[in-house]
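Participant: pasting a predicted model and its sequence here:
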Amino acid sequence: ATKPKLFYFCGRGRMESIRWLLAAAGVEFEEEFIETTEQYEKLLKDGRLLFGQVPMVEIDGMVLTQTRAILSYLAAKYDLYGKDLKETVRINMYTDGTLDLMLMIAVAAFKPPAEKEESLALVVKRAKTRYFPVFEKILKDHGEDFLVGNKFSWADIQLLEAILMVEELDASVLSEFPLLKAFKTRISNIPTIKKFLQPGSQRKPPPDSHYVEVVRSVLHF
Ligand SMILES: CCCCC[C@H]1O[C@@H](O)C[C@@H]1SC[C@H](NC(=O)CC[C@H](N)C(=O)O)C(=O)NCC(=O)O
């Protein structure tokens with residue numbers, strides 16, 4: 001069977017959570033990195049970007065855009081989306097939260113130094129005061145290994161992704177969250193995720209000036 005193919009820049013941005021979900025599900029995928037305006041404009045001309053935007057994923061004979069739509073499709077396809085609607089809506093609540101937090105980081109990369117510094121400090125503050133306390137309480141209240149239905153789901157994958165991303169900004173961010181520390185160790189040791197965390201995987205590094213320049217030049221902003 002043909003592997004899913006991801007069309008995006010060679011960086012995290014909005015595509016990184018899709019890479020995480022596929023990797024955690026043990027699904028091999030290919031990537032086409034958009035480096036030039038010509039590449040982007042060809043995708044546009046060929047009508048493969050619904051609203052003219054990336055991420056775009058080709059999977060199961062479809063050409064998908066809209067990050068959350070793609071993530072939901074993958075979560076359902078690989079049985080990482082809860083056993084019923086009540087579990088699914090909790091997974092959606094949790095993943096919308098971690099995606100909001102991670103997009104704050106993605107957007108900050110495009111800000112001038114002083115503003116970027118301020119934005120990233122706000123990310124750490126939001127993580128410590130808004131997001132991580134919620135997940136610590138969820139783990140405490142139900143005393144299970146996973147966030148929803150005591151079964152590994154998309155919510156667990158994305159929370160680990162967000163924890164690691166915030167730790168890159170402040171390594172001590174989990175110091176007041178013992179259950180999240182244990183969660184991080186537990187989920188990082190799931191074989192497919194452990195493999196994705198090894199060097200040489202398709203996981204992307206934090207955004208650097210080259211990534212920002214490429215995105216700016218391709219998207220003319
Ligand atoms: C201030 C901008 C922040 C980020 C810019 C881009 O780099 C990534 O870090 C995030 C985005 S990705 C690139 C951007 N894509 C989106 O905004 C997709 C939004 C959509 N709702 C989704 O969830 O997939 C893009 O294609 N724009 C072209 C343009 O709208 O004409």
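Facilitator: On my side now, so go ahead.

Participant: residue 115: neighbour count?
Facilitator: Number of residues near residue 115 (other Cβ atoms under 10 Å) recorded here: 11. Using the backbone N, CA and C atoms, a C-beta is placed for each residue, glycine as well.

Participant: relative to the centre of this structure, find the outermost residue for me.
Facilitator: Distance from the C-alpha centroid of the chain peaks at residue 45, with 27.8 Å (Cα atoms, centre = their mean).

Participant: ok, now how distant is that one from the ligand?
Facilitator: Noted for residue 45: a distance of 14 Å to the ligand, by Cβ to the nearest ligand atom, to the nearest Å.

Participant: pLDDT score for that residue?
Facilitator: Here, the pLDDT recorded for residue 45 equals 98.

Participant: go on, residue 59?
Facilitator: 98.

Participant: look up phi and psi at it.
Facilitator: Taking degrees, to the nearest 10, you get phi -150, psi 140 for the backbone angles of residue 59.

Participant: likewise residue 58?
Facilitator: phi -100, psi 120.

Participant: counting neighbours, what do you get for it?
Facilitator: Close neighbours of residue 58, defined as other Cβ under 10 Å, add up to 18.

Participant: how about it, nearest residue that isn't a chain neighbour?
Facilitator: In this structure, residue 58 finds its nearest non-sequential neighbour in residue 5, 4.4 Å apart by Cβ to Cβ, 6 or more residues apart in numbering.

Participant: only C-alpha atoms, please: export the longest helix belonging to the chain in PDB.
Facilitator: In the chain, taking DSSP state H as the definition, the longest helix is helix 85-108. The C-alpha trace of helix 85-108 is given here as PDB (Å, rounded to 0.1, in the frame of the first residue of the first chain):
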ATOM      1  CA  LEU A  85     -18.500   9.800  21.500                       C
ATOM      2  CA  LYS A  86     -18.000  10.800  25.200                       C
ATOM      3  CA  GLU A  87     -14.400   9.700  25.100                       C
ATOM      4  CA  THR A  88     -13.900  11.200  21.700                       C
ATOM      5  CA  VAL A  89     -15.100  14.700  22.800                       C
ATOM      6  CA  ARG A  90     -12.700  14.600  25.800                       C
ATOM      7  CA  ILE A  91      -9.900  13.700  23.400                       C
ATOM      8  CA  ASN A  92     -10.900  16.600  21.200                       C
ATOM      9  CA  MET A  93     -11.000  19.000  24.300                       C
ATOM     10  CA  TYR A  94      -7.500  17.900  25.400                       C
ATOM     11  CA  THR A  95      -5.900  18.000  21.900                       C
ATOM     12  CA  ASP A  96      -7.500  21.400  21.100                       C
ATOM     13  CA  GLY A  97      -5.800  22.600  24.300                       C
ATOM     14  CA  THR A  98      -2.400  21.200  23.600                       C
ATOM     15  CA  LEU A  99      -2.600  22.400  20.000                       C
ATOM     16  CA  ASP A 100      -3.400  25.900  21.100                       C
ATOM     17  CA  LEU A 101      -0.300  25.800  23.400                       C
ATOM     18  CA  MET A 102       1.900  24.500  20.600                       C
ATOM     19  CA  LEU A 103       0.700  26.900  18.000                       C
ATOM     20  CA  MET A 104       1.700  29.800  20.300                       C
ATOM     21  CA  ILE A 105       5.200  28.400  20.000                       C
ATOM     22  CA  ALA A 106       5.000  28.000  16.200                       C
ATOM     23  CA  VAL A 107       3.800  31.600  15.800                       C
ATOM     24  CA  ALA A 108       6.400  33.000  18.200                       C
END
